[in-house]
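*Asks:* can't give you the sequence, but here's the structure:
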């Protein structure tokens, strides 16, 4: 099941726009201080932290819907 989830996640990441995929991958990269710096850079490139939050929320929702649908198709 874990492999199927990862396969679906990979497939769904590929379906996102390149810009959304880059934002998600950048947002979830690294840990600690470097994570904070990356998120600051992303926010600055988008016009501020609120824009980043909204974009992440929308992209995550798209990704979640896609992964759930993929897993449902795989189970049937």
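*Replies:* That came through, no problem. If you're wondering where the values come from, they're calculated on a predicted model, not measured in any experiment.

*Asks:* so which residue is dead centre in the protein?
*Replies:* By C-alpha atoms, centre = their mean, the chain has its centre lying nearest to residue 24, at 3.4 Å.

*Asks:* so where does that one fall, helix or strand?
*Replies:* Using DSSP states H and E, residue 24 sits within helix 18-27.

*Asks:* so which bits of the helix of greatest length in the chain are buried?
*Replies:* In terms of residue count, the longest helix belonging to the chain (DSSP state H) is helix 49-75. For helix 49-75, the neighbour count (16 or more other C-beta atoms under 10 Å) marks 52, 55, 56, 59, 62, 63, 66, 67, 70, 71 as buried. All C-beta atoms are positioned from the backbone trio N, CA, C, and that covers glycine.

*Asks:* pLDDT weak spots in this protein?
*Replies:* Residue ranges of the chain with pLDDT under 70: none are present.

*Asks:* before we move on, back to that, and the longest helix of the chain, how far out from the chain middle?
*Replies:* How far helix 49-75 lies from its chain's middle: 7 Å, per C-alpha atoms, centre = their mean, to the nearest Å.
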